[in-house]
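>>> Show me how the following folds:
(chains A, B and C)
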Amino acid sequence: MRIEAKLKEMGLALPAEMRAPPGFKVAWRQVRIAGDRAIIAGHGPRLADGMFALPAGKVGSELTVEQGYAAAKNTALAVLGDLKRELGDLDRVSSWLRVFGMVNAAPGFTSLPQVIDGFTDLMITLYGEEAAMCPRAVAGMAELALNAPVIIEGEVQIHPS
Amino acid sequence: MRIEAKLKEMGLALPAEMRAPPGFKVAWRQVRIAGDRAIIAGHGPRLADGMFALPAGKVGSELTVEQGYAAAKNTALAVLGDLKRELGDLDRVSSWLRVFGMVNAAPGFTSLPQVIDGFTDLMITLYGEEAAMCPRAVAGMAELALNAPVIIEGEVQIHPS
Amino acid sequence: MRIEAKLKEMGLALPAEMRAPPGFKVAWRQVRIAGDRAIIAGHGPRLADGMFALPAGKVGSELTVEQGYAAAKNTALAVLGDLKRELGDLDRVSSWLRVFGMVNAAPGFTSLPQVIDGFTDLMITLYGEEAAMCPRAVAGMAELALNAPVIIEGEVQIHPS
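Numbering: from 1, shown residues only, chains lettered A, B, ... in the order given. The predicted model follows:
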């Protein structure tokens, strides 16, 4: 429970399971374990109660880089919440294998890594550079569901339970 | 041959291998097996004879959500056709590990999950929720090859042959 | 050292490690080995000294397809450079498992596979069709970091060292 202790020290809480907005069907699972891999669905920012967290909008016009960074950090907490529900203990994550950060980008906005750093910085603080610094790809999308500022998916390696 | 029996019951047929449009080089393979994983290339909708299936265009302007959904369902059949050619039997798919659904999105169109549900719904009907509901990410792309309404890629876990 | 001998024969050199542009933090690693997999971060074109290689811009308006193709080929060299640093020998790559090619696409530009072929063609020349032709997905992005014409990420299978 080392990771959760760190989160508590930082004053950060993990949100509840995703609650689907009206007209939205959750036809996927958030995490799938396959051997020593845990594969993570596309996640967006989430409130404590599991609802989608505002503000929505395009980073670079409707939202600032700082708001995008905050949304990516919030998304990291949503991912950790779902990993905890699936793995039981966040310490079971031995290393991050892959992160794909999708930014809802305003035309001409290219500071995309600086947005996804909100996700990465938190993971590095929690897991350390060796485990958390992993192959990452970042792209500016034309549109995202719910007009979310970011959607992030990836994969971690896990210890046996 | 349980999955193929279900497809037949539903009146659905699997299309032939992809036939490249003029000026288009198929410099990839559709499915690669690696241990107990089968990795699936980006697929678009396909006619019975393997040609790209119209209508093309941006979902939310040139195409409706319903047309996008139908294209995603059609893409699922293209994926299943290629999985069958590689695996011999679609029953060898033990579970879906990951799906990435890319939608050719008109400006302001965010009902992206509702489009990719055309793919997911068919897989759930065929394989059941436990096996088919997997981590999914969905995004609205600026452009897709051939102006396809959707391109979907992913990964499944397989039983040994 | 078979692959490096081929590169030398072709007059191609591998670039140095990525040097971050001003204001850019490299909060990821380029390659992560996990068992027999090597996972590759999103890469862009790179100069010999590790700096980002111009020209930047949208393919289909600011850049031609040929310039996009050249950028994708250059990106392949950046990937190979990082694989060599991580694996010691490029011959350890037994096969390509997955490639995701992201193109910085001008509105209406759909010749995206023809751009990413710059990456694929070089890998096929070096590793041969059986090993290099792998599942590939290609998409046109709204924006990419540094206004790069392409970003390419993927995964390879490796022999034990």
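
>>> all helices of chain A, in order?
Along chain A, the stretches classed as helices by DSSP state H are A:2-9, A:65-87, A:112-127, A:129-132.

>>> quick one, phi/psi of A:Phe109?
phi -90, psi 110 (degrees, to the nearest 10).

>>> elements contacting the strand ranked longest in chain A?
If you go by DSSP state E, chain A has its longest strand at strand A:93-104. Judged by 3 or more C-beta pairs under 8 Å, 6 or more residues apart in numbering or on different chains; DSSP states H and E, the packing partners of strand A:93-104 are strand A:37-43, helix A:65-87, helix A:112-127, helix A:129-132, strand A:136-141, strand A:150-158, strand B:136-141, strand C:31-34. In this view, the C-beta of every residue, glycine as well, is placed from N, C-alpha and C.

>>> what about these, which gets the closest to C:Asp91?
strand C:31-34 (15.4 Å; C-beta to C-beta).

>>> quick one: is the closest one near chain B?
No - Strand C:31-34 stays clear of chain B (C-beta under 8 Å from any C-beta of the partner chain), getting no nearer than 12.4 Å.

>>> Is that strand positioned near chain A?
Yes - Strand C:31-34 reaches chain A (C-beta under 8 Å from any C-beta) through C:31-32, C:34.

>>> Now do the contacts for A:Cys134.
Neighbouring residues of A:Cys134 by C-beta atoms under 8 Å, 6 or more residues apart in numbering or on different chains: A:95-99, A:154, C:28-29, C:32, C:39, C:41.

>>> Sort those residues by pLDDT and name the bottom one.
Of all the contacts of A:Cys134, C:Trp28 carries the smallest pLDDT score, 94.

>>> So which bits of the longest strand of chain A are buried?
For strand A:93-104, a neighbour-count test (16 or more other C-beta atoms under 10 Å in any protein chain shown) marks A:93, A:95-104 as buried.

>>> Which residue is the nearest non-sequential neighbour of A:Met10?
Nearest residue to A:Met10, sequence neighbours excluded (C-beta to C-beta, 6 or more residues apart in numbering or on different chains): A:Thr125, at 7.5 Å.

>>> Centre of chain A to the edge, which residue is at the far end?
A:Gly108 (24.0 Å; C-alpha atoms, centre = their mean).

>>> How much space separates it from B:Ala142?
13 Å (C-beta to C-beta, to the nearest Å).

>>> same check, this time on A:Ala20
Distance from A:Ala20 to B:Ala142, by C-beta to C-beta: 27 Å.

>>> and A:Thr120, how many neighbours?
Residues near A:Thr120, counting by other C-beta atoms under 10 Å in any protein chain shown, number 25.

>>> ok, it - contacts?
A:99, A:132-133, A:136, C:27-28.

>>> Let's have these in a markdown table, adding distance to A:Ala13.
Below are the contacts of A:Thr120 laid out as a markdown table (distance: C-beta to C-beta, whole Å):
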| residue | distance to A:Ala13 |
| --- | --- |
| A:Val99 | 22 |
| A:Ala132 | 20 |
| A:Met133 | 25 |
| A:Arg136 | 25 |
| C:Ala27 | 24 |
| C:Trp28 | 26 |
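
>>> Looking at those residues, which is nearest B:Gly88?
A:Val99 (34.7 Å).

>>> Touching, that closest one and A:Ile151? I think so.
No - counting by C-beta atoms under 8 Å, A:Val99 sits too far from A:Ile151 to count as a contact (11.7 Å).

>>> Give me the nearest residue to A:His96, chain neighbours excluded.
Careful, residue A:96 is Trp; it's not His. The nearest residue in space to A:Trp96 (C-beta to C-beta, 6+ apart) is A:Cys134, at 3.8 Å.

>>> hang on, A:Leu47 packs against A:Ala71?
No - with contacts counted by C-beta under 8 Å, A:Leu47 stays clear of A:Ala71, the gap being 11.9 Å.

>>> And those two? Which one has more around it.
Relative neighbour count places A:Ala71 above the other of A:Leu47 and A:Ala71, with 29 against 14, counting by other C-beta under 10 Å.

>>> Give me the distance between that one and A:Leu54.
To A:Leu54, A:Ala71 is 9 Å away according to C-beta to C-beta.

>>> for the residue nearest to A:Ala16 when sequence neighbours are not counted, what are its contacts?
Nearest residue to A:Ala16 in three dimensions, chain neighbours excluded: A:Gly50, at 3.9 Å (C-beta to C-beta, 6+ apart). Taking C-beta under 8 Å, 6+ apart as the criterion, A:Gly50 is in contact with A:15-19.

>>> for A:Ala27, same thing?
Residues counted as contacts of A:Ala27 (C-beta under 8 Å, 6+ apart) are B:113, B:117, B:120-121, B:124, B:133, B:136.

>>> So it versus B:Glu17, what's the distance?
Using C-beta to C-beta, A:Ala27 is found at 28 Å from B:Glu17.

>>> before we move on, the earlier item: make CSV out of the helices of chain A and add distance to B:Glu62.
Formatted as CSV, these follow (distance: least, C-beta to C-beta, whole Å):
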stretch, distance to B:Glu62
helix A:2-9, 46
helix A:65-87, 30
helix A:112-127, 27
helix A:129-132, 42
